[in-house]
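Visitor: Return a 3D structure for these sequence lines:
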Amino acid sequence: MPTYGITHLWAQGDPMTRFVAALLAAMSVVSWSVIVLKAFEFARLRRHAGAAQRSFWESGSAGDGIDSVSRPGTPFFELASAGQRALAHHEASGAAHRGRVDLSDWLLRSLRASVSDSSARLQRGLGLLASIGSTAPFVGLLGTVWGIYNALLALGANGDASLEHVAGPVGEALVMTAFGLCVAIPAVLGYHTLARMSRDIAAQLNRFAYGLHALLLTGSAPMPTATLKERV
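Guide: Got it, this is the predicted structure:
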């Protein structure tokens, strides 16, 4: 009695079947790489976000606040640096130019641009996960359809269409659909989890930007919510 399985499917498969299997394997490797790398990145940023904001609330000046954000390359450091550069540029311009653009509006535009750039960087890789999650089932289905087609051709050539001879090849072909689902499900779950983490970091960036705007404009950071509640 013939033996069936994934090894037999690969050994007996044609170039199309092997291409689909290799493509699904590559999609799985890429999706898991993105999930792991982005998860570590977002976890690090979330830990740094709390420390960065606490340092700014406790800082006495913009320079001290930026110095307290001790990790260059993070969105919070880039945001603080962008605000400081915008303030220095506005102060360095002539009096006539300063009168045309309000300092508050100038700072807001610079900070919003930095937040937008950081949010775009946070989204990198998530589109790839979404694409893999939406296409992997269809790639697996293509492998299944192609496998069933070849199996039926082989059975027709042999002239034996009994159940025991049909079930094995068709079952092997259905493995490709299962493979596609195994690739798609982690990609979809990873996309939604990482997208939620990205939104949380973007929200913290926006709160940080408003506090930084007040710090650069008035010289003092807004009072934390907990302190306000205590005073009330």
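
Visitor: Run through this structure and note the low-pLDDT ranges.
Guide: For the chain, applying pLDDT under 70 flags the ranges 1-13, 51-73, 93-101, 154-172, 219-232.

Visitor: Could I get the full set of helices for it?
Guide: 6-12, 15-58, 62-68, 75-92, 95-100, 103-122, 126-158, 163-218, 225-231 (DSSP state H).

Visitor: any chance of the ones you listed in JSON lines, plus mean neighbour count?
Guide: Placement of C-beta: from N, CA and C, glycine included. Formatted as JSON lines, the helices of the chain follow (neighbours: other CB atoms under 10 Å):
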{"stretch": "helix 6-12", "mean neighbour count": "13"}
{"stretch": "helix 15-58", "mean neighbour count": "16"}
{"stretch": "helix 62-68", "mean neighbour count": "16"}
{"stretch": "helix 75-92", "mean neighbour count": "18"}
{"stretch": "helix 95-100", "mean neighbour count": "9"}
{"stretch": "helix 103-122", "mean neighbour count": "16"}
{"stretch": "helix 126-158", "mean neighbour count": "17"}
{"stretch": "helix 163-218", "mean neighbour count": "18"}
{"stretch": "helix 225-231", "mean neighbour count": "9"}
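
Visitor: And the nearest residue to W106 once chain neighbours are set aside, how far from V183?
Guide: Spatial nearest neighbour of W106, chain neighbours left out: H90 (5.2 Å); criterion: CB to CB, 6 or more residues apart in numbering. According to CB to CB, to the nearest Å, H90 and V183 sit 51 Å apart.

Visitor: cool, and M16?
Guide: When distance is defined by CB to CB, M16 is 18 Å away from V183.

Visitor: State the distance from A209 to F77.
Guide: When A209 is compared with F77 (using CB to CB), they lie 13 Å apart.

Visitor: which residues touch L103?
Guide: L87, H90, L217 (CB atoms under 8 Å, 6 or more residues apart in numbering).

Visitor: Could I get the contacting residues of L181?
Guide: A136, P137, G140 are the contacts of L181 under CB under 8 Å, 6+ apart.
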